[in-house]
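# When you get a sec, could you give me coordinates for this:
(chains A and B)
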2 protein chains.
Amino acid sequence: MNRSGSVEIDRLIQILARLPGLGPRSARRAVLHMLKKRDSLMAPLAAAITDVAEKVHVCATCGNLDTSEPCAICSDHRRNRSIICIVEEVADLWALERAGSFSGLYHVLGGVLSALDGVTPEDLNIASLIERAGSDEVEEVILATNATVDGQTTAHYITERLKDAGVAVTALAHGVPVGGELDYLDDGTLTAAMRARRPF
Amino acid sequence: MNRSGSVEIDRLIQILARLPGLGPRSARRAVLHMLKKRDSLMAPLAAAITDVAEKVHVCATCGNLDTSEPCAICSDHRRNRSIICIVEEVADLWALERAGSFSGLYHVLGGVLSALDGVTPEDLNIASLIERAGSDEVEEVILATNATVDGQTTAHYITERLKDAGVAVTALAHGVPVGGELDYLDDGTLTAAMRARRPF
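Residues are numbered from 1 along each chain as shown, chains lettered A, B, ... in the order given. A predicted model of the protein is given here:
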């Protein structure tokens, strides 16, 4: 049914509602907001979307998204090229970049192994990782997959595959999140934090 | 700081984060989702935004948003032209249309009277409403402003102004929860409230 009375508005609502975090209701609110700020919001948004769609592509080396090839991180020679941090998705790469505590290179797997979803090693960027890790330049590989069952399964699989690559394989520490309250943490995290306790 | 490594992506995230219901985090997720469904999502979205920005405008009669002038509702001669339903915003008009229990015309005020925010009758589409209500065609005006203090104040003000217009003034029944807003109500409640409207 035509809800807003305008085919154009309905189409826009429908497309927006497909974005994660937006449903039909918030898509409607977003469209009304756009129409109120038509000049300052709609034209720039459409232009920005077209820009990204045309210019951004996947870095052939690490799987990051950028306009340049190789991406800005891979081509930044101030970064430490002897360490590769392995993440599941580009969102994880962005999160680590925001934290600003890592200055090496990345490798985006593009997902995790999952028997349930039928994701095999061939579906992920693992072959290219093994190749990169085999280079003389690389000394350490950091496993930064999520602390989920699939994420850890994938980490174990990669460790196995990297056995003969001659690189150190490390993983992000488990523990109490900074600013976190013990009372709100799950038992698994608390147990991991307790086991990994260190001199204070 | 350039967070994603790409100026284009950052600009898109920044614009998306200005939409209601989206923050920086969900804007980032939305952009990554878009890039995964580049062909099926990005081009259609940019086109739909441009389409709406260029074609949709405010109906000079009722204040609705549509591509045609007068809007599809005002120009639909199957609708009951003797009843005008007064709403605060276009979102409320959409909500009532979704409920499907009203087949008259609308009048969008564009807000509510508010001493606090300095909104006076001149800031709202009240003069055009009085004019419309004065036409011989119109027999009833339904007050469907929100059940908030400002909404009810506005309703009382309009009732006062319509005293000499020779129209019946009714209001949505108190099936509407006090303090609730139309756009957030379920269709059943809206329908019940529409059916039980009473002299104001």
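# can you list the domain ranges for chain A.
If you go by automatic domain parsing, the domain ranges for chain A are A:7-55, A:65-199.
# closest one to residue B:181 among those domains?
Nearest of the domains of chain A to residue B:181, taken as C-beta to C-beta: domain A:7-55 at 11.4 Å. C-betas here are computed from N, CA, C, even on glycine.
# hmm, the closest one in reach of chain B?
Yes: judged by C-beta under 8 Å from any C-beta of the partner chain, domain A:7-55 comes into contact with chain B through A:7-9, A:11-12, A:15-16, A:18-22, A:25-26, A:28-35, A:38, A:41-53, A:55.
# Quick one: closest of the domains of chain A to residue B:157.
Of all the domains of chain A, domain A:7-55 comes closest under C-beta to C-beta, at 23.5 Å.
# Would you mind listing where chain A has pLDDT under the threshold?
The model of chain A has pLDDT under 70 over residues A:1-4.
# could you pull out the strands for it?
Assigned by DSSP state E, the strands in chain A fall at A:57-58, A:65-66, A:80-87, A:104-108, A:140-143, A:168-171.
# how about TSV for the ones you listed, with distance to chain B added?
Below are those laid out as TSV (distance: least, C-beta to the nearest C-beta, whole Å):
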stretch	distance to chain B
strand A:57-58	9
strand A:65-66	5
strand A:80-87	13
strand A:104-108	10
strand A:140-143	18
strand A:168-171	23
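# is it possible to export those to TSV including mean neighbour count and distance to residue B:108?
Putting these into TSV (neighbours: other C-beta atoms under 10 Å in any protein chain shown; distance: least, C-beta to C-beta, whole Å) gives the following:
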stretch	mean neighbour count	distance to residue B:108
strand A:57-58	16	44
strand A:65-66	24	42
strand A:80-87	19	48
strand A:104-108	23	48
strand A:140-143	19	56
strand A:168-171	14	57
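# Throw these into TSV and include distance to residue B:115, thanks.
Converted to TSV, the strands of chain A look like this (distance: least, C-beta to C-beta, whole Å):
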stretch	distance to residue B:115
strand A:57-58	55
strand A:65-66	50
strand A:80-87	54
strand A:104-108	55
strand A:140-143	59
strand A:168-171	60
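# related to what we said a few turns ago, what's the most buried one of the domains of chain A?
Mean neighbour count, computed with mean count of other C-beta atoms under 10 Å in any protein chain shown, is highest for domain A:7-55 among the domains of chain A, reaching a mean of 19.
# how long is stretch A:32-45 end to end?
Using C-alpha to C-alpha, to the nearest Å, the gap from the first to the last residue of stretch A:32-45 comes to 14 Å.
# Same question for stretch A:104-113.
24 Å.
# Residue A:172 touches residue A:142, doesn't it?
Yes: Residue A:172 is within contact range of residue A:142, at 7.0 Å (criterion: C-beta atoms under 8 Å).
# Grab the nearest non-local neighbour of residue A:90.
Leaving aside its sequence neighbours, residue A:90 sits nearest to residue A:65 (C-beta to C-beta, 6 or more residues apart in numbering or on different chains; 5.2 Å).
# Likewise for residue A:192?
residue A:174 (3.7 Å).
# which stretches of chain A form helices?
Ranges of helices in chain A, per DSSP state H, are A:7-16, A:24-36, A:43-55, A:90-99, A:127-133, A:149-161, A:187-195.
# Can you say which of those helices is nearest to residue B:124?
Among the helices of chain A, the nearest to residue B:124 by C-beta to C-beta is helix A:24-36 (15.0 Å).
# How about residues contacting that closest one?
Here helix A:24-36 makes contact (C-beta atoms under 8 Å, 6 or more residues apart in numbering or on different chains) with A:4, A:9, A:12-14, A:16-17, A:19, A:22, A:41-42, A:45, B:19-22, B:49, B:52-53, B:56, B:65, B:89-91, B:94, B:183.
# re earlier: could I get the domains of chain A as CSV with distance to residue B:120?
Shown next, in CSV, are the domains of chain A (distance: least, C-beta to C-beta, whole Å):
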stretch, distance to residue B:120
domain A:7-55, 20
domain A:65-199, 46
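# Of all these, which one comes closest to residue B:102?
Once the domains of chain A are compared by C-beta to C-beta, domain A:7-55 is nearest, at 18.2 Å.
# Just the endpoints, please. Distance across that closest one?
Taking C-alpha to C-alpha, domain A:7-55 runs 30 Å from one end to the other.
# And that domain, how far out from the chain middle?
Domain A:7-55 sits 24 Å away from the centroid of its parent chain (C-alpha atoms, centre = their mean, to the nearest Å).
# Now the closest residue to residue A:120 other than its chain neighbours: phi and psi?
Leaving aside its sequence neighbours, residue A:120 sits nearest to residue A:113 (C-beta to C-beta, 6+ apart; 7.0 Å). Residue A:113 adopts backbone torsions of phi -60, psi 140, taken as degrees, to the nearest 10.
# so how far is chain B from residue A:113?
19 Å (C-beta to the nearest C-beta, to the nearest Å).
# Could you tell me how far that residue is located from residue A:171?
Between residue A:113 and residue A:171 the computed distance is 16 Å (C-beta to C-beta, to the nearest Å).
# Residue B:161 is nearest to which of the strands of chain A?
Within the strands of chain A, the stretch nearest residue B:161 is strand A:65-66; the backing value is 56.6 Å (C-beta to C-beta).
# Can you tell me what sits against that closest one?
A:56-59, A:71-73, A:90, B:4-6, B:9, B:32, B:35.
# Need the residues you listed in TSV (columns: distance to residue A:124).
Shown next, in TSV, are those (distance: C-beta to C-beta, whole Å):
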residue	distance to residue A:124
A:56	21
A:57	19
A:58	13
A:59	15
A:71	18
A:72	23
A:73	19
A:90	14
B:4	22
B:5	21
B:6	23
B:9	23
B:32	17
B:35	18
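# so the residue nearest to residue A:192 touches residue A:186, yeah?
No: applying C-beta under 8 Å as the test, residue A:174 and residue A:186 come out as separate, 11.2 Å apart.
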